[in-house]
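In: from the sequence below, what's the structure:
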Amino acid sequence: MPLDTYPGGFYTLTFGGLPNSVVNNSFQTFNSNFNIRYRFAFVHATSALCIGGGNQTLTNTQYMARYIGATPPAAPFNTPFQNFTTAFNANGAVWDFENATTRRLNNEPHEWFFLRSANWLAAELTRTGTNPGPASNCSALCVNMAITGPASLCTNASYSVPVVAGANYTWSATPLGSVTFGGTGNSVTATKSPSFNGTATIQVNVTLAGCGDRPATINVLAGTPPATITSVTQPPPSYGTINVYFNLPGSVSPITSHKWYIDNVMVYSSSGVPNSPTILNGGSCGMHGVRLDVISACGTSASNSFQYYKSCGSMFTAAPNPTNGQLTINVIEENTDSELSQSKLAPGPSATSRKAYKIAITDMTGVRRKYFDYKSGITTTTINISDLRAGIYNVSVFDGKEWDSRKINKQ
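Out: Next comes the predicted model:
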């Protein structure tokens, strides 16, 4: 069997002087331990060192030299091929097939092939024509491929990645149409769409022939992100106002003013950042939609239109409205003073206790969907209607003398 004296060299192993019993059984091994590795290695032949183009005589100097794939040897011992690859022990480690003193910082006596390098070798062996095929050295794509640019985008800004010689750059953004790009190459100008406000993801794919793609992304806050209205309450016993709760994310530019709309009609405007909750006149009795617009130097953004039910006097309140399932019923104390009763102010000494003894939930066709009976009467309770389909329902409360009803929106 051949052994390397330098990568690609060999000398003949003989059995001269060994006992016949050893020679006869030289290829039989008993009680052996096998070390299985998930990689493939082979011993080079001297012809594997393809330098000089066949026009130079290779000597011990060339065979013992250290070669690195990224820096092929110079003329006259240059390689005639486009790709030049080596297996190089760059850190001086001793491999398990070496002893403690040989081949440190030299070419490895074996070439190791993992999945990527094995695929490259297979492609090289089967490739035909003038296509250069996959590259053996793709270290150019191993740089820190991070997008450099501002984390906020009001109108336009520049974004870039490191230069990779010979690479193509493809820029995109999600959501689709949120950001457009001007220019090509590793540096572009990103422009926010006038109609978009929120978080956008800018992405670039860096493609190097024979090496594949290298993606990079960055999230940017674009324009004036809209507020999200989360709930509307109508604090008892006041029936004129509503409390509007909302979440407002950060903005690229400071918010300079805001406007409130009910049923698409502006009801209030002010400078600066709105407070949560904001107290508004809830409008007339019935269902309404409330919306918040926030304005900055980057533009105007509108929140969701939140639907709520405005009560105009009742023996009870039902909140939250709309609701996802949990509905709290509060019975309002009865005022005997007619002026207090009409104005719905907080009850004074003339107020009398009121209780609810029955609660019914009916759909808009009049079919009863829920029924609750309280023999001793209650002043407050929470009921679960999460199993009802989304839609408008009537909540009816009986105080021992009469029924009172109002609509709720089940989401």
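In: quick check: phi and psi on Asn119?
Out: phi -60, psi -40 (degrees, to the nearest 10).
In: output the below-cut-off pLDDT ranges for the chain.
Out: Along the chain, the parts satisfying pLDDT under 70 run over 1-47, 70, 87-114, 130-136, 236-239, 252, 311-314, 334-352.
In: hmm, Gln203 and Thr217 touching each other?
Out: Yes. Taking contacts as C-beta atoms under 8 Å, Thr217 lies within contact range of Gln203: 4.6 Å. In short, each C-beta sits where N, CA and C put it, glycine included.
In: just give the nearest non-adjacent residue to Thr184, would you?
Out: Spatial nearest neighbour of Thr184, excluding adjacent residues (C-beta to C-beta, 6 or more residues apart in numbering): Tyr169 at 6.8 Å.
In: whoops, Asn243 was the one
Out: Closest to Asn243 by C-beta to C-beta, 6+ apart is Pro277, at 4.0 Å.
In: how close does the one you found sit to Asn247?
Out: Noted for Pro277: a distance of 12 Å to Asn247, by C-beta to C-beta, to the nearest Å.
In: who has more neighbours, these two?
Out: Remark: of Pro277 and Asn247, Pro277 carries more neighbours, 16 against 11, as counted by other C-beta atoms under 10 Å.
In: can you tell me how far the more buried one sits from Ala65?
Out: Distance from Pro277 to Ala65, by C-beta to C-beta: 78 Å.
In: I'd say Ile385 and Tyr393 touch.
Out: Yes. Counting by C-beta under 8 Å, Ile385 touches Tyr393, with 7.5 Å between them.
In: anything in contact with each of the two?
Out: Common contacts of Ile385 and Tyr393 (C-beta atoms under 8 Å, 6 or more residues apart in numbering): 361, 369, 410.
In: and of the residues you listed, the nearest to Ala74?
Out: Closest approach between those and Ala74, by C-beta to C-beta: Lys410, at 79.9 Å.
In: tell me the bridge partners for that closest one.
Out: Thr323, Gly391 (DSSP bridges).
In: from Gly325, how far off is it?
Out: The spacing between Lys410 and Gly325, counted by C-beta to C-beta, is 8 Å.
In: just the buried ones out of the shared contacts of Ile385 and Tyr393, please.
Out: With neighbours counted by 16 or more other C-beta atoms under 10 Å, the shared contacts of Ile385 and Tyr393 contain buried members at 361, 410.
In: host element of the nearest residue to Gly52 once chain neighbours are set aside?
Out: In space, and not counting its chain neighbours, Gly52 is closest to Phe77: 4.9 Å by C-beta to C-beta, 6+ apart. Following DSSP states H and E, one finds Phe77 outside all helices and strands.
In: likewise Asp373?
Out: Asp373 belongs to strand 368-378, assigned by DSSP H and E.
In: buried sites along that strand?
Out: Counting neighbours by 16+ other C-beta under 10 Å, strand 368-378 gives 370, 378 as buried.
In: okay, Thr71 and Ala65: tell me how far apart.
Out: Thr71 is 12 Å from Ala65, by C-beta to C-beta.
In: quick one: buried residues of stretch 156-166?
Out: In stretch 156-166, counting by 16+ other C-beta under 10 Å, buried: 157, 159-162, 164.
In: before we move on, back to that, of Thr71 and Ala65, who's got more company?
Out: Applying other C-beta under 10 Å to Thr71 and Ala65 shows that Ala65 carries more neighbours, namely 16 against 10.
In: how close does that one get to Gly177?
Out: Taking C-beta to C-beta, one finds Ala65 at 57 Å from Gly177.
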